[in-house]
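> please work out how this folds:
(2 chains)
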Amino acid sequence: MSEVKKYPAPVTNPETAAFWDAAKEGKFMIKRCTACGEAHYFPRSICPFCYSDKTVWEEASGEGTIYTYSLMRKSPTGPYAIGYVTLKEGPSVQTNFVDCDLEKLKIGQKVKVVFKPTDGAPLPFFTVA
Amino acid sequence: MTIKGKAYIAGIYEHPTRHAPDKSTAQLHAEVAKGAIEDAGISKDDVDGYFCAGDAPGGAWPMVDYLGLNTKKLRHVDSTETGGCSYIIHLGHAAEAIAAGKCSIALITLAGKPRTGAMPPRAAGAEADFESAYGATTHNAYGMCAMRHMHDYGTTSEQLAWIKVAASHHAQYNPHAMLKDVVTVEDVLNSPMISDPLHRMDCCVVSDGGGALIVTTPEIAKSLKKPLVRLIGHGEAMKGPRGGKDLDLTYSAGIWSGPRAFEEAGITPQDIKYASIYDSFTITVLMQLEDLGFCKKGEGGKFVADGNLISGVGKLPFNTDGGGLCSNHPVNRGGMTKILEAVRQLRGEAHPKVQVKNCDLAIAHGTGGLLGVRHAASTAILERV
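The predicted structure is shown next:
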């Protein structure tokens, strides 16, 4: 595409501000619960698994594999591929695949995070590793 | 406590329109309310419970006022919003309210006009910043489920196509259906790819319209003139990515709502004579049939193939009105029409070409929201008395 796709800026809130601050530095953060040890995404203050409030920020590797995807071919802004990536750290995250041949995506393929600018904090996307 | 047999569906109405540029959304609600009230043979002033979801302009209190319901008598309202399955949940909640003596004649309405007007916006959830930019629509959210189901179980596009083929066989007899032409597996596979692996004919229609129900006590139902249809089991459930742990998009919340309903009813899927299964997409039907126990997980493809869902041909006649895939999908919410056709089958009022013989047990099941993201499910088991 000749034009750069415009993505909406995150609204952010006190619970998630640290994620977006880190994104500005190119870091992809997840939350981990120090009580049960589980990582989760998107980030919450209270662990969704054990309800402990002992959750801490952790920089993720940004690496993972495609759990599933679907290439949307009928869109006024052009085709795009939505999917879920299962991170090395465990959680699966919803995303779009960018900067790669969308016709050749495969379940199980290795991908890595890339950030795309908005008018606010950048948004995480994934591309073929 | 159980709601088994404590509430009867005494009135039904499906709006014949599929395209209503000259009507308002509230007007469509009033027209379906009037239709169901007249079908039951009651007066609108008898209604003492009202149920509506996010499609009702302004919610419950503006609708109660607009509809001119009897506010001296109205004593129970419920505006549970769970997308397309809201009305199946309302049916269960109405039965609970009736069993608890909180109301005796409940009206449930659905109506809207996505073809000829703006859709009401959906409120943002806590996930908005982390998901909304990625453009999850119905097509690609269900596409993601289909893609993974094919990967895990070898399900094919041909098998999914059989679901549309079966719906089209039924729709040819429905004079109000938007798509009346019988289609083949090849037709589905040759239709344009919308969001991989779903073709255009794997997708439901977009239609204006609506429907309504009157739910009442056994005593009142028996005093009216309609064949007796009662709710004997009900279930509801929700599912989402839940922090991204152990993500599995090959099953829906029906895996929980279904067994809850069957247990309450005291029957099994093998007892069901007719199935209304929400068909926003072909994959929706396949996954729900597995989740409800009509076949094993992963074997839905084999189950739906070769006409097994066609009335008079296969073992499990489904969506004999043509369903969302061919007839209508008012407000992009298929739960109401699923109940309506199940009641018509139990009353013996389905089209003679698709009427199931001796139809005494039926299921109406649906989901709401996005199957590949987060959604609700509800199951109702209905019996002709």
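
> after the top strand by length along chain A comes which helix or strand?
The single longest strand within chain A, with elements called by DSSP state E, is strand A:63-72. Next helix or strand after strand A:63-72 toward the C-terminus (DSSP states H and E): strand A:80-87.

> contacts for that next one, please.
A:30, A:39, A:41, A:60-61, A:63-72, A:92-97, A:102, A:105, A:111, A:126, B:134-136, B:140-141, B:144, B:241, B:244, B:247, B:249 (Cβ atoms under 8 Å, 6 or more residues apart in numbering or on different chains). C-beta coordinates here come from the backbone N, C-alpha and C atoms, glycine included.

> which of these count as buried?
Buried by 16 or more other Cβ atoms under 10 Å in any protein chain shown: A:30, A:39, A:41, A:60, A:63-72, A:92-97, A:102, A:105, A:111, A:126, B:134-136, B:140-141, B:144, B:241, B:244, B:247, B:249, out of these.

> quick check: beta-bridge partners of residue B:234?
residue B:380 (DSSP bridges).

> ok, now which ones touch it?
By Cβ under 8 Å, 6+ apart, the neighbours of residue B:234 are B:3, B:91, B:92, B:95, B:260, B:261, B:264, B:378, B:379, B:380, B:381.

> swap the cut-off to 7 Å and go again
Shown in contact with residue B:234 (Cβ atoms under 7 Å, 6 or more residues apart in numbering or on different chains): B:3, B:92, B:95, B:261, B:264, B:379, B:380.

> how about the nearest residue to residue B:64, chain neighbours excluded?
residue B:50 (5.5 Å; Cβ to Cβ, 6 or more residues apart in numbering or on different chains).

> in a strand, the one you found, correct?
Yes: assignment of residue B:50 by DSSP: H, G, I helix; E, B strand; the rest coil places it within a strand.

> and it, how far from residue A:26?
Distance check for residue B:50 against residue A:26: by Cβ to Cβ, to the nearest Å, it reads 53 Å.

> equivalent analysis for residue B:203, please.
On the measure of Cβ to Cβ, residue B:203 and residue A:26 end up 39 Å apart.

> neighbour count winner among those two?
residue B:203 (23 against 12; other Cβ atoms under 10 Å in any protein chain shown).

> what residues are up against that one?
Residue B:203 neighbours (Cβ under 7 Å, 6+ apart): B:139, B:194, B:281.

> and the residues you listed, which is the shakiest by pLDDT?
Lowest in pLDDT among the contacts of residue B:203 is residue B:139, which has 95.

> let's verify that residue: helix, strand, or coil?
Classification of residue B:139 by three-state DSSP places it in helix.

> surely it touches residue A:73?
No: Residue B:139 is beyond contact range of residue A:73, at 9.3 Å (criterion: Cβ atoms under 7 Å).

> who touches both of these two?
Common neighbours of residue B:139 and residue A:73 (Cβ under 7 Å, 6+ apart) are B:194, B:195.

> more neighbours, those two?
Shown here are residue B:139 and residue A:73; by other Cβ under 10 Å, residue B:139 has more neighbours (23 against 17).

> picking that back up, mind putting the contacts of residue B:203 into a markdown table with distance to residue B:300?
Below are those laid out as a markdown table (distance: Cβ to Cβ, whole Å):
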| residue | distance to residue B:300 |
| --- | --- |
| B:139 | 20 |
| B:194 | 21 |
| B:281 | 13 |
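
> could you single out the nearest of those to residue B:78?
Nearest to residue B:78 among those, counting by Cβ to Cβ, is residue B:281 at 28.2 Å.

> show me the beta-bridge partners of that closest one.
In beta-bridge terms (that is, DSSP bridges), residue B:281 pairs with residue B:203.

> worst mean pLDDT across the helices and strands of chain B, which element?
helix B:128-131 (a mean of 94; mean pLDDT, DSSP states H and E).

> hmm, it touching chain A?
Yes: under the criterion of Cβ under 7 Å from any Cβ of the partner chain, chain A is reached by helix B:128-131 at B:129, B:130, B:131.

> in a markdown table: those residues, plus neighbour count.
As requested, the residues of helix B:128-131 next to chain A are arranged in a markdown table below (neighbours: other Cβ atoms under 10 Å in any protein chain shown):
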| residue | neighbour count |
| --- | --- |
| B:129 | 21 |
| B:130 | 20 |
| B:131 | 19 |
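
> nearest to residue B:307, of those?
Nearest to residue B:307 among the residues of helix B:128-131 next to chain A, counting by Cβ to Cβ, is residue B:131 at 38.9 Å.

> what about the residue nearest the centre of chain A, distance to residue B:130?
Closest to where the C-alpha atoms of chain A average out (Cα atoms, centre = their mean) is residue A:124, at 4.8 Å. Relative to residue B:130, residue A:124 is positioned 9 Å away (Cβ to Cβ).

> and residue A:40, by the same measure?
The spacing between residue A:40 and residue B:130, counted by Cβ to Cβ, is 11 Å.

> then residue B:331?
As for residue B:331, its distance to residue B:130 is 27 Å (criterion: Cβ to Cβ).

> one more: residue B:287?
According to Cβ to Cβ, residue B:287 and residue B:130 sit 25 Å apart.

> for residue A:48, same thing?
Where residue B:130 is concerned, residue A:48 sits at a distance of 14 Å (Cβ to Cβ).

> which neighbours do those two have in common?
Common contacts of residue A:48 and residue B:130 (Cβ under 7 Å, 6+ apart): none found.

> before we move on, back to that, ok, the contacts of residue B:234 vs chain A, which is closest?
The closest of these to chain A turns out to be residue B:379 (Cβ to the nearest Cβ; 25.5 Å).

> mind pulling up the pLDDT for the residue nearest to that closest one when sequence neighbours are not counted?
Excluding the flanking residues, the one nearest residue B:379 by Cβ to Cβ, 6+ apart is residue B:261, at 3.9 Å. Here, the pLDDT recorded for residue B:261 equals 98.

> residue B:261 is in contact with residue B:237, isn't it?
No: using Cβ under 7 Å, residue B:261 is not in contact with residue B:237; the gap is 10.0 Å.

> who has more neighbours, those two?
With neighbours defined as other Cβ under 10 Å, residue B:261 and residue B:237 compare such that residue B:261 has more, 27 against 21.

> quick one: residues contacting the more buried one.
B:233, B:234, B:235, B:379, B:380, B:381.

> swap in 10 Å and give it another go.
With contact set as Cβ atoms under 10 Å, 6 or more residues apart in numbering or on different chains, residue B:261 has these partners: B:88, B:92, B:231-236, B:254, B:267, B:292, B:363-365, B:378-381.

> is stretch A:52-63 up against chain B anywhere?
No: using Cβ under 10 Å from any Cβ of the partner chain, stretch A:52-63 never reaches chain B; the gap is at least 10.6 Å.
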